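**Student:** got a sequence here, can you model it:
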Amino acid sequence: NDIIASDVTPFSPLELSVVPVFPVFNGEYPTATLVARGGEPPYTYSVATGTLPTGVSLVDNELVVTAPNGALGDTVVTLEVEDARADTAQQNCTIRLTAHPLRTLSTIEQNYVFVNGASVTESASATGGVLPYTYAVSAGALPTGLSLNASTGAITGTTSTDGAYSFTITVTDAAAATHSVARDTKVKSPHLYWRMNATAANAHCSVSEMEMSTEPGGANLCTGGTPIASGNYPAGSGYTYVAANAFNGAFPGPTDSWASAVAGSGWLGYQFASAVVVGEFRIAARASGSQSPNTFTLQHSDDGLSWTTDTTYTGITAWTYSSFVAFPT
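**Tutor:** Below is the predicted model of the structure:
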């Protein structure tokens with residue numbers, strides 16, 4: 001008998017592998033790859049049994065997530081690969097749609113100061129949960145002139161009334177989960193003059209440095225204008241205590257300060273080149289606070305003669321030498 005040798009290599013069995021559990025967090029867009037081995041390429045992939053969840057599709061050899069907004073929970077499907085010889089292999093896969101915890105963020109910071117008459121474009125935005133979201137003001141009220149879009153969370157409009165406003169924005173998702181964020185804000189009009197008016201002092205009434213900003217911790221506005229004061233302590237031993245010392249950005253020592261001509265009271269402020277909104281005074285003490293204001297009001301004016309009080313502070317003794325203390329208006 002003749003012996004016939006063959007170089008033909010038998011096909012290895014066709015196999016299909018895929019992650020047994022495919023986790024999909026609502027609002028995210030992952031993929032899962034089906035891997036075929038053996039048989040005779042090319043391969044064709046399909047769903048043999050079951051139905052893919054809404055927003056999940058099989059594209060070539062990948063499970064692709066495009067809009068994972070279906071019902072939360074597990075969906076079991078049987079995936080299949082077929083090779084060029086019509087052989088098939090199957091593998092079960094559980095697609096698990098899970099929601100991240102619902103959260104609400106707001107572009108409006110706590111203690112935000114709106115400029116009266118300014119156009120506003122802010123937003124509240126949610127993450128996690130189950131789409132779609134619905135936004136509402138659940139407590140308090142937005143500043144007059146502003147409104148909240150219930151579908152997008154956009155806060156728009158034009159502020160129209162000075163005052164303090166507290167409000168809570170609540171987002172509700174399709175699964176009735178809720179999450180809220182609360183904010184305290186103010187609407188203030190711009191003015192040319194702003195001052196700290198002290199009616200009592202710990203000893204003498206003096207200030208090492210003063211800054212003003214629109215927002216808490218914001219940029220110092222006291223540039224390009226004129227320092228103003230009720231009066232300066234008389235020069236002595238070559239020292240001067242003029243208002244400009246409190247706006248030069250320097251902390252060299254107690255002599256480079258403003259001091260009132262009256263020991264127990266006086267005012268220090270700034271005349272701006274154009275009207276500004278001041279939401280925060282930052283005041284640095286002189287001589288560890290022993291010669292610093294104790295009771296004072298933060299005020300504004302449009303003519304430098306008639307003043308309106310924004311905020312009053314009393315019993316202020318916790319000063320730190322050459323270090324700013326912030327006082328919201």
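**Student:** quick check: residue 272 touching residue 193?
**Tutor:** Yes. Contact criterion CB atoms under 8 Å: residue 272 and residue 193 qualify, at 7.4 Å. Backbone N, C-alpha and C define where each C-beta goes, glycine included.
**Student:** can you pull out the low-pLDDT segments for the stretch 51-200 of the chain?
**Tutor:** 67-71 (pLDDT under 70).
**Student:** what's the helix or strand for residue 13?
**Tutor:** Residue 13 is located outside every helix and strand, with elements delineated by DSSP states H and E.
**Student:** give the contact list for it.
**Tutor:** Taking CB atoms under 8 Å, 6 or more residues apart in numbering, we find residue 13 in contact with 38, 39, 89.
**Student:** and it, how close does it get to residue 35?
**Tutor:** Residue 13 sits 14 Å away from residue 35, going by CB to CB, to the nearest Å.
**Student:** would you check how far apart the most centrally placed residue in the chain and residue 279 are?
**Tutor:** Nearest to the geometric centre of the chain sits residue 107, at 4.5 Å (CA atoms, centre = their mean). Look at residue 107 and residue 279: by CB to CB, they are 17 Å apart.
**Student:** and residue 248, by the same measure?
**Tutor:** Taking CB to CB, one finds residue 248 at 23 Å from residue 279.
**Student:** likewise for residue 122?
**Tutor:** For residue 122, the distance to residue 279 equals 16 Å [CB to CB].
**Student:** among the two, which residue is more densely surrounded?
**Tutor:** Set side by side, residue 122 and residue 279 show more neighbours around residue 279, with 23 against 18, by other CB atoms under 10 Å.
**Student:** how about the nearest residue to the more buried one, chain neighbours excluded?
**Tutor:** In this structure, residue 279 finds its nearest non-sequential neighbour in residue 113, 3.5 Å apart by CB to CB, 6 or more residues apart in numbering.
**Student:** of the contacts of residue 13, which belong to helices?
**Tutor:** Secondary-structure check on the contacts of residue 13 using DSSP state H: no residue lies within helices.
**Student:** ramachandran angles for residue 323?
**Tutor:** With angles defined as degrees, to the nearest 10, residue 323 sits at phi -140, psi 130.
**Student:** host element of the closest residue to it other than its chain neighbours?
**Tutor:** Distances taken as CB to CB, 6+ apart place residue 284 nearest to residue 323, at 6.2 Å, with adjacent residues excluded. Assigned by DSSP H and E, residue 284 belongs to strand 280-284.
**Student:** on that earlier part again, which ones are touching the closest residue to the residue nearest to the centre of the chain other than its chain neighbours?
**Tutor:** The shortest distance from residue 107 to any non-neighbouring residue, by CB to CB, 6+ apart, is to residue 122 (4.8 Å). Going by CB under 8 Å, 6+ apart, residue 122 touches 106, 107, 108, 154, 155, 156.
**Student:** please type out the PyMOL selection for whichever of those residues turn out to be buried.
**Tutor:** Only the buried entries of the contacts of residue 122 go into this PyMOL selection, using 16 or more other CB atoms under 10 Å:
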select buried, resi 106+108+154+155
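**Student:** list the buried ones in stretch 207-227?
**Tutor:** Across stretch 207-227, burial judged by 16+ other CB under 10 Å covers 207, 208, 209, 210, 211, 212, 213, 214, 221, 222, 225, 227.
**Student:** thanks a lot, see you next time.
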